[in-house]
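A.B. asks: Build me a model from this:
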Amino acid sequence: MFVSKSYTGPQFLEAVIDQFDQLYSDSEHSGRVMSLPLHPFIVGQPFRHRYLDRALEHITSHDGVWVTTSDAIAAHYQSTGNRRADS
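C.D. replies: Okay, here's the model as predicted:
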């Protein structure tokens with residue numbers, strides 16, 4: 001968003017929070033996954049990093065949120081016995 005859409009820090013923060021809040025609301029009846037792709041050269045810039053910190057503070061302040069990796073999600077899914085029909 002910083003590079004392709006030229007978002008400012010506050011615009012990035014608002015977009016991440018809006019995305020999370022909608023998915024969190026939707027998750028009342030079933031699980032949701034929110035991907036937050038990050039590149040250290042881009043979000044690691046001091047003038048941007050604080051907006052990522054604020055977004056993560058918002059996300060982790062909610063009950064039932066699992067902050068994890070894609071590999072951990074896949075492992076959990078496989079451990080529950082939910083396998084694709086073509087596997």
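A.B. asks: got a list of what residue 10 touches?
C.D. replies: Contact partners of residue 10, counting by C-beta atoms under 8 Å, 6 or more residues apart in numbering, are residue 51. (Each C-beta comes from the backbone N, C-alpha and C, glycine too.)
A.B. asks: Return the per-residue confidence for it.
C.D. replies: On pLDDT, residue 10 comes in at 90.
A.B. asks: name the element it belongs to?
C.D. replies: helix 9-26 (DSSP states H and E).
A.B. asks: just checking, what packs against the helix or strand just after that helix?
C.D. replies: With elements assigned by DSSP H and E, the helix or strand that comes after helix 9-26 is helix 40-43. Using 3 or more C-beta pairs under 8 Å, 6 or more residues apart in numbering; DSSP states H and E, the elements in contact with helix 40-43 are helix 46-60.
A.B. asks: Toward the C-terminus from the helix it packs on, list the very next helix or strand.
C.D. replies: Downstream of helix 46-60, the first helix or strand assigned by DSSP H and E is helix 70-79.
A.B. asks: Would you mark the buried spots in the helix or strand of the chain with the lowest mean pLDDT?
C.D. replies: Every helix and strand in the chain was compared by mean pLDDT, DSSP states H and E; the lowest is helix 40-43, with a mean of 80. Buried residues in helix 40-43, counting neighbours by 16 or more other C-beta atoms under 10 Å, are found at residue 43.
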